[in-house]
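Visitor: Sequence and predicted structure, then a few things I'm wondering about:
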Amino acid sequence: MTTLIVLPHVELCPEGAVIEAEPGQTICDSLLANGIEIEHACEKSCACTTCHVIIRDGFNSLEPAEELEEDLLDKAWGLEPASRLSCQAVVGSVPLTVEIPKYSINMAREGKH
């Protein structure tokens, strides 16, 4: 198992969390399996940006993003160099520190910010 440190998010994980993820599982699936209800509007098909996360530690251990993910990330709210779509980023053996941005593009569009 690989440790994922999830930084506090006001709605999804107010206290932050330390969870154990199965290597080979996506970050999104790992979060959902541990009760952190990250948005995934496209049902994890790499067609939106609602599951956008920022990898604060361990980013270089992830496989590089494919072109489709890169194209979608350009549309993500709060994009940073260490941004990934959690439905595409696969957990390896290196611990990760994950930040879920305050807003997703869906929330901004729906006026929730």
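Guide: Thanks, I have it.

Visitor: ok, residue 97 - how many residues close by?
Guide: Neighbour count for residue 97, taken as other C-beta atoms under 10 Å: 18. Quick note: C-beta positions are derived from backbone N, CA and C, even for glycine.

Visitor: Could you give the bridge partners of it?
Guide: Beta-bridge pairing of residue 97 under DSSP bridges involves residue 5, residue 57.

Visitor: mind listing what it touches?
Guide: 4, 5, 7, 55, 56, 57, 58 (C-beta atoms under 8 Å, 6 or more residues apart in numbering).

Visitor: Repeat that for residue 30.
Guide: Per C-beta under 8 Å, 6+ apart, neighbours of residue 30: 4, 19, 21, 22, 91.

Visitor: Name the nearest residue to it, sequence neighbours excluded.
Guide: Nearest-residue entry for residue 30: residue 21, 3.7 Å, with adjacent residues in sequence omitted and distances by C-beta to C-beta, 6 or more residues apart in numbering.
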